[in-house]
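Trainee: Have a look; sequence and predicted model below, questions after that.
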Amino acid sequence: MLALGLVAGCSGGKPTRADDADAKSPELGSLQPVSLRQPEMTEGREAVLHVPKAEAEKPRQGDDWPVFLGPGGFGVSNETGLLDKWPAAGPPMIWEKKVGSGYSAPSIRGNRLVLHHRIGGDEIVECMRADTGEMLWEYKYPSTFSDPFGYSNGPRCSPLLTADRCYTFGAEGKLLCLDLKTGTKTWLRDCYADFDLKDKDSGKPNWFFGIGCTPILEGGLIIALVGGQPDSGVVAFDAKTGKTVWQNVGKSTWDGAETDDPDEPKYKWTGREQVVSYSSPIAATIHGKRHVLCLTRQGLVSLNPKDGSVWFKHWFRPKAFESVNAARPLVIGDKIFLSAAYRQGSVLLQVSKDGKSVEVLWRNRRNLLTHWSTAIHADGFIYGFSGRHEREGSFRCLDAKTGRVVWQTSGYEGSIDDLGQNPMTGEIVDKKTGKVIPWPFFGRGAKIKAGDQFIVLGERGTLSLVKVNPKKFEEISRASLKQIGWPVWAAPVLSRKRLYLRDENSLICLDVAGKAEGGKRKAESRRRKAESGKPKAESRRRKAESGKRRSELGDSDSQLSTVHHSRLRACEELQIQRISEPLH
């Protein structure tokens, strides 16, 4: 999903650094998005901006969140000492920052947070301090990606961070490796140019929403679902050099494969198929054998990470042409859970002891229809969001053994008659108290798990703390934040007792440290306040630069299509109508 005409091995020229351009450039402010003097762009408009004075400090105690859906890849955090209940206004705000467009969640390693977003005609990989939001460096390159359905034109994939490298995958297929400390380019592959991703008839990109699945690092290889014909659905790149090591999945995998369609019991490959997937791969050890599990457009395929050979495959595709598989395969011991929307439902597969086949334990087309938010398994139960459209969205709990729905909720458990809506602001009001409340419905939300609690984020910004309870939906706290609003499609990120949330315009950092951390939190707050004192002249300069960047963001926002905005209005009208209708 990365755009631009720069291929691996192309010279990007000498990057202009902040210390070369302006030796007197002061340190960035902590809470505002600031841009220093723009570096001179090299050929192809590729550039890196480094801010040497805003170095990342030693991170506070806790865990990293360096990859998509956290350390284990399934949205589960091992952090402890978190707030067990939130204030009415929500967890305290540490910092907020205006950002560009995209659905990519940030990734964090140490005190470095990396966000991949888009401003105007550039995709930007921006590294900042996780504790303050101050920029450390940014690397930008041009993008001409335009979403065919009018959604965001920004990146979809989350950065992958190692001890010294940052890997990103952009909307047009640019696979990029940067030095995590400096932001300088190590290598870049233009997957759209290097592999066959074009429609045979039109010559246009053969995808729905660009590139949308985050790569993984396995055995020194960056493994990405590139989606090329005829057999480059999955490609492994050398993590150090970017060179192709192996490629597989496509015609050789699915031509003649058994399907679940009675009208086409065996699939016949045409060469015109979309091979692009929107489900990120995951590596797992099952019965002592290493598997890279990839949910492609046609179904699940398990690959040997060393050479890309197929261990097993299982057809799992909605019948509708305009459909995608977007949730990651969920590994539960020696079983694999798959779920998709578009009337596809879910299935639980048992992996054989030799690792070369799977058996269907149960199949249900109605119990959980995941659009994109990967489900979480806890103590024999599967928790996830179901529904193709926002109005259909519900949070559900399944019995993993049978697939039976134990409970489900739209996010609101009270009577619809108790809700009203301010016709001027659109805010929802509790008629009994007269108070404004968070948007009552989750829609197609996202969640992460920490201890015995879920942190749930609804797609209109409703933030909820929910007890992990297989018997019933048990909400502990609920809040909403004015900085976050529709569409909120990136999952929450939790690192070192800080919670990070983003929408199409903002990135915010909340403090979810428990009472035991209160003293440390106050000391940190005093330190940040002391550091923020700057001369008045410097303050005016930062304000001017901040205004310039806001203008850039405004230009980027104006590029969103009329289709996207009309969808938002239509969705709001449907949700407003829902206030007066009973839940089903």
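Mentor: Received the coordinates, thanks. Numbers count the residues shown, from 1 in each chain.

Trainee: who's in contact with the residue lying closest to residue 290 once chain neighbours are set aside?
Mentor: Once flanking residues are discounted, residue 290 sits nearest to residue 305: 5.7 Å by Cβ to Cβ, 6 or more residues apart in numbering. For glycine as for every other residue, the C-beta is placed from the backbone atoms N, C-alpha and C. For residue 305, the contacting residues are 218, 219, 221, 223, 236, 283, 290, 291, 292, by Cβ atoms under 8 Å, 6 or more residues apart in numbering.

Trainee: Among those residues, which are located in helices?
Mentor: Nothing among the contacts of residue 305 maps onto helices, per DSSP state H.

Trainee: of all those, which comes closest to residue 124?
Mentor: Closest approach between the contacts of residue 305 and residue 124, by Cβ to Cβ: residue 223, at 24.6 Å.

Trainee: List only buried entries from the contacts of residue 305.
Mentor: Burial by neighbour count, 16 or more other Cβ atoms under 10 Å: within the contacts of residue 305 this picks out 218, 221, 223, 236, 283, 290, 291, 292.

Trainee: you'd agree the first one is up against residue 284?
Mentor: Going back to what we said before, that points to residue 218. No. Using Cβ atoms under 8 Å, residue 218 is not in contact with residue 284; the gap is 10.1 Å.

Trainee: quick one: low-confidence parts of the stretch 151-300 of the chain?
Mentor: Within the stretch 151-300 of the chain, the set of residues satisfying pLDDT under 70 is empty.

Trainee: So which residues of it form strands?
Mentor: In the stretch 151-300 of the chain, the strands defined using DSSP state E, counting those that start in this stretch lie at 160-161, 165-169, 174-179, 185-190, 216-218, 221-224, 234-238, 244-248, 282-286, 289-295, 299-303.

Trainee: Now render the contacts of residue 305 as TSV, adding distance to residue 199.
Mentor: What follows is the contacts of residue 305, written out as TSV (distance: Cβ to Cβ, whole Å):
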residue	distance to residue 199
218	31
219	34
221	29
223	25
236	25
283	31
290	35
291	32
292	27
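
Trainee: what's the closest of the buried ones among the contacts of residue 305 to residue 359?
Mentor: Using Cβ to Cβ, residue 291 is the member of the buried ones among the contacts of residue 305 that lies nearest residue 359, at 15.6 Å.

Trainee: Now do the contacts for that closest one.
Mentor: Taking Cβ under 8 Å, 6+ apart as the test, what residue 291 contacts is 283, 284, 285, 302, 303, 304, 305, 311, 351, 355.

Trainee: Show the pLDDT at the closest residue to the second one other than its chain neighbours.
Mentor: Nearest residue to residue 284, sequence neighbours excluded (Cβ to Cβ, 6+ apart): residue 331, at 4.5 Å. According to the model's per-residue confidence, residue 331 sits at a pLDDT of 98.

Trainee: any idea how far residue 331 is from residue 377?
Mentor: 8 Å (Cβ to Cβ, to the nearest Å).

Trainee: got any residues that touch both of those two?
Mentor: 74, 337.

Trainee: end to end, how far does stretch 198-214 reach?
Mentor: End-to-end distance for stretch 198-214: 21 Å, by Cα to Cα, to the nearest Å.

Trainee: Buried residues in that stretch, which are they?
Mentor: Using 16+ other Cβ under 10 Å as the test for burial, stretch 198-214 gives 205, 206, 207, 208, 209, 210, 211, 212, 213, 214.

Trainee: Likewise for stretch 238-258?
Mentor: Buried residues in stretch 238-258, counted by 16+ other Cβ under 10 Å: 239, 242, 244-251, 253-254, 257.

Trainee: Run the chain-centre distance for it.
Mentor: Centroid separation for stretch 238-258 versus its chain: 24 Å, with Cα atoms, centre = their mean, to the nearest Å.

Trainee: now do stretch 62-79
Mentor: Remark: stretch 62-79 is offset 13 Å from the chain centroid, using Cα atoms, centre = their mean.

Trainee: quick one: average pLDDT of that stretch?
Mentor: Averaging pLDDT along stretch 62-79 gives 97.

Trainee: mind saving the C-alpha coords of that stretch as PDB?
Mentor: Output in PDB follows, covering the C-alpha atoms of stretch 62-79 (Å, rounded to 0.1, in the frame of the first residue of the first chain):
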ATOM      1  CA  GLY A  62       6.000  -1.500  30.800                       C
ATOM      2  CA  ASP A  63       5.700  -3.400  27.500                       C
ATOM      3  CA  ASP A  64       6.300  -2.400  23.900                       C
ATOM      4  CA  TRP A  65       3.600  -2.600  21.200                       C
ATOM      5  CA  PRO A  66       6.000  -2.800  18.200                       C
ATOM      6  CA  VAL A  67       3.800  -4.600  15.700                       C
ATOM      7  CA  PHE A  68       0.100  -4.800  14.500                       C
ATOM      8  CA  LEU A  69      -2.100  -5.900  17.400                       C
ATOM      9  CA  GLY A  70       0.700  -6.000  19.900                       C
ATOM     10  CA  PRO A  71       3.500  -8.400  20.900                       C
ATOM     11  CA  GLY A  72       1.500 -11.600  20.400                       C
ATOM     12  CA  GLY A  73      -0.300 -10.300  17.300                       C
ATOM     13  CA  PHE A  74      -3.800 -10.800  18.800                       C
ATOM     14  CA  GLY A  75      -4.500  -7.600  20.700                       C
ATOM     15  CA  VAL A  76      -3.600  -9.000  24.100                       C
ATOM     16  CA  SER A  77      -1.400  -7.000  26.500                       C
ATOM     17  CA  ASN A  78       0.500  -8.400  29.500                       C
ATOM     18  CA  GLU A  79       0.600  -5.000  31.300                       C
END
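
Trainee: Show me what the helix or strand residue 141 falls within packs onto, helices and strands only.
Mentor: According to DSSP states H and E, residue 141 maps onto strand 135-142. Applying 3 or more Cβ pairs under 8 Å, 6 or more residues apart in numbering; DSSP states H and E, one finds that strand 135-142 contacts strand 47-50, strand 122-129, strand 174-179.

Trainee: Could you verify my assumption that residue 65 touches residue 113?
Mentor: No. With contacts counted by Cβ under 8 Å, residue 65 stays clear of residue 113, the gap being 9.0 Å.
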